[in-house]
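*Asks:* Return a 3D structure for these sequence lines:
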Amino acid sequence: MAKTALVVGASGIVGSATTALLVSEGWTVYGLARRPLAQAGVTPVTADLQDAGGTAAALKDLKVDAVFITTWLRQDSEAENIRVNSAMVRNLLDGLRSSNSTRHVALVTGLKHYLGPFESYGKGVLPQTPFREDQGRLDVANFYYAQEDEVFAAAARDGFTWSVHRPHTVIGKAVGNAMNMGTTLAVYASLCRELGRPFRFPGSAAQWNGLTDMTDARQLAHQLLWAATTPAAANQAFNIVNGDVFRWSWMWARIAEWFGLEPAPFDGTVLTLEQQMQGDAPIWKQLAERHGLVEPELSRLASPWHTDADLGRPIEVVTDMGKSRSLGFTRYQPTDQAFYDLFTQLRADRLIP
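*Replies:* Below you'll find the model as predicted:
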């Protein structure tokens, strides 16, 4: 495979980590987004994937070997999630047909493959943990399944190989991202420290006491690159997590220590971040002005609803990595260090005080 890639959603948490890795490995990288950001070594491609004609025009004559789909758009219902996000994948792959150069397409989805979409998240009969790739689809409508089906159909039509990647909650940096636990917790901890609030775990007793895992965006980027360049990985779906497991009762104390906080005792009562951070937007704006931060809009940094969904689950979530390990992907990333690296970057970039 020649080393030319298109990263779709290049400015997001996963997309930015993927572009950085590909550039460091000597790839020619194009980064597609509705509003591309400047990224070192990346040629921007501006396109709205909901616009089939505009997407085809933006991709005309673009010859890439590997495509990494790392984006989606949240809608008000799962039916709309399916309609919009499947169309986006379809428009993208249709737009690339004229170049006849694509050899591999990687699609990033997630553990909602096993847990169900937002409307039925963690409800009903769920597969037993640890989640394994050979566990089939749930009998519910899910936009991840619709995205996969678009990739499968285009691969059968156009002859490229594919891979599907299912991370757990992703740790990484992006501003304006809809699902961003790491930055949300950093903002919450910063507010607690500045205002003297208790640093209180917002989730369920099952998450506090049970085992879980997470995915560093850099870890996911490495698996994306590995699958695109490893013949044995072609046409398969893979889970991707850091490789360690932890309990939030332990991790919460680690995060508190980094911010110089004492973790508040947890008594099993759920007090969500949406409740705790309600009304904090003007406070954050004042804090940002006082500390010279570059992003005064709380809504562009924190996504409490998403963090609440993850930390409020009634079951523990552990993800098996045996499939990719057996094929040679052996990279490991300690999760506490992933948080520390993110917090250090956020502070260096003046996104938190």
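*Asks:* and the lengthiest helix in the chain, what does it pack onto?
*Replies:* For the chain, the longest helix by residue count, based on DSSP state H, is helix 78-95. Judged by 3 or more CB pairs under 8 Å, 6 or more residues apart in numbering; DSSP states H and E, helix 78-95 is in contact with helix 52-59, strand 66-69, helix 143-158. Heads up, the C-betas are built off the backbone N, CA and C, glycines and all.
*Asks:* so which of these gets nearest Ala186?
*Replies:* Ranking these by proximity to Ala186 (CB to CB) places strand 66-69 first, at 26.1 Å.
*Asks:* Run through who's touching that closest one.
*Replies:* 1, 4-9, 15, 18, 89, 92-93, 96, 102-108, 147, 151, 224, 228 (CB atoms under 8 Å, 6 or more residues apart in numbering).
*Asks:* if we go to 6 Å?
*Replies:* Ala5, Leu6, Val7, Val8, Thr18, Thr102, His104, Val105, Ala106, Leu107, Leu224, Ala228 (CB atoms under 6 Å, 6 or more residues apart in numbering).
*Asks:* Could you dump the helices and strands packed on helix 78-95 into JSON lines and include distance to Phe201, mean neighbour count and mean pLDDT?
*Replies:* Below are those laid out as JSON lines (distance: least, CB to CB, whole Å; neighbours: other CB atoms under 10 Å; pLDDT from 0 to 100):
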{"stretch": "helix 52-59", "distance to Phe201": "43", "mean neighbour count": "16", "mean pLDDT": "96"}
{"stretch": "strand 66-69", "distance to Phe201": "34", "mean neighbour count": "28", "mean pLDDT": "98"}
{"stretch": "helix 143-158", "distance to Phe201": "28", "mean neighbour count": "18", "mean pLDDT": "97"}
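*Asks:* ok, now how distant is the spatially most central residue of the chain from Thr109?
*Replies:* For the chain, the residue nearest the mean C-alpha position is Val170 (4.5 Å; CA atoms, centre = their mean). According to CB to CB, to the nearest Å, Val170 stands 12 Å off from Thr109.
*Asks:* follow-up on the earlier one: so what's the residue nearest to the centre of the chain bridging to?
*Replies:* On the basis of DSSP bridges, Val170 is bridged to Thr215.
*Asks:* Just grab the bridge partners of Phe131 for me.
*Replies:* With DSSP bridges as the rule, Phe131 is bridged to Thr319.
*Asks:* can you give me the helices in this structure?
*Replies:* 13-24, 52-59, 78-95, 112-115, 143-158, 181-195, 205-209, 217-229, 248-258, 273-276, 281-291, 304-311, 322-326, 335-348.
*Asks:* any chance of those in TSV, plus distance to Phe68?
*Replies:* As requested, the helices of the chain are exported to TSV (distance: least, CB to CB, whole Å):
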stretch	distance to Phe68
helix 13-24	5
helix 52-59	14
helix 78-95	11
helix 112-115	18
helix 143-158	12
helix 181-195	21
helix 205-209	30
helix 217-229	5
helix 248-258	29
helix 273-276	30
helix 281-291	33
helix 304-311	22
helix 322-326	16
helix 335-348	20
